[in-house]
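Engineer: Show me how the following folds:
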Amino acid sequence: MKYSKIVSSSRRKNRKNLFQSHSNKRRKIMSSLLSNNLQEKYHKRSLPIRKDDEVKITRGTMKGRIGKVVQCHRKNFSIYVEKITCLKTGRSICYLPISSSNVVITGLSMTNERKILLLKK
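Structural biologist: Residues are numbered from 1 along each chain as shown. You can find the predicted model right below:
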């Protein structure tokens with residue numbers, strides 16, 4: 001049942017809006033949970049993920065592994081973690097894409113923008 005007249009409840013339109021969204025909106029969509037001790041420290045439940053954050057994978061075949069974020073690929077809605085790689089046939093190493101919803105942030109890379117974001121209510 002539709003509750004808001006402003007927002008569409010159509011699956012087709014919602015998927016279209018998701019895949020046509022701009023980079024600044026994708027940044028917010030690619031948020032992930034903070035670990036329990038970071039939640040208590042900063043009084044926030046989740047934050048947009050960024051490069052050099054330390055994450056723990058909570059779901060999937062790589063569950064339980066910890067590493068640093070090497071790259072946030074906003075076009076594919078995926079992140080690449082430092083030690084999560086596979087070997088290709090040409091002996092080259094590639095990173096495995098992981099969804100940002102499948103990780104928990106255990107360490108933050110602090111910048112001035114992030115400090116301001118965390119101090120805001």
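
Engineer: hey, let's count contacts and neighbours off CA atoms from now on
Structural biologist: OK.

Engineer: neighbours of His43, just the number please.
Structural biologist: 13 (other Cα atoms under 10 Å).

Engineer: now it: how far from Asn36?
Structural biologist: Counting by Cα to Cα, to the nearest Å, the gap from His43 to Asn36 is 10 Å.

Engineer: for Tyr42, same thing?
Structural biologist: In terms of Cα to Cα, Tyr42 sits 10 Å off from Asn36.

Engineer: So which residues of this protein form strands?
Structural biologist: 31-34, 46-48, 54-57, 66-73, 78-87, 93-99, 103-107 (DSSP state E).

Engineer: any chance of the ones you listed in JSON lines, with distance to Asn24 too?
Structural biologist: Output for these, formatted as JSON lines (distance: least, Cα to Cα, whole Å):
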{"stretch": "strand 31-34", "distance to Asn24": "12"}
{"stretch": "strand 46-48", "distance to Asn24": "11"}
{"stretch": "strand 54-57", "distance to Asn24": "22"}
{"stretch": "strand 66-73", "distance to Asn24": "13"}
{"stretch": "strand 78-87", "distance to Asn24": "15"}
{"stretch": "strand 93-99", "distance to Asn24": "17"}
{"stretch": "strand 103-107", "distance to Asn24": "20"}
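
Engineer: among the ones you listed, which is nearest Arg114?
Structural biologist: The closest of those to Arg114 is strand 46-48. By Cα to Cα, the value is 9.4 Å.

Engineer: Tell me the strands beside that closest one, with direction?
Structural biologist: strand 31-34 (antiparallel) (DSSP bridges).

Engineer: mind exporting the partner strand as CSV, just the C-alpha atoms?
Structural biologist: C-alpha atoms of strand 31-34 as CSV (Å, rounded to 0.1, in the frame of the first residue of the first chain):
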residue,chain,number,x,y,z
SER,A,31,26.7,3.6,3.7
SER,A,32,27.6,0.8,6.0
LEU,A,33,27.2,0.0,9.7
LEU,A,34,29.7,1.1,12.3
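
Engineer: now it: mean pLDDT?
Structural biologist: Averaging pLDDT along strand 31-34 yields 96.

Engineer: quick one: contacts of it?
Structural biologist: 44-49, 100-106 (Cα atoms under 8 Å, 6 or more residues apart in numbering).
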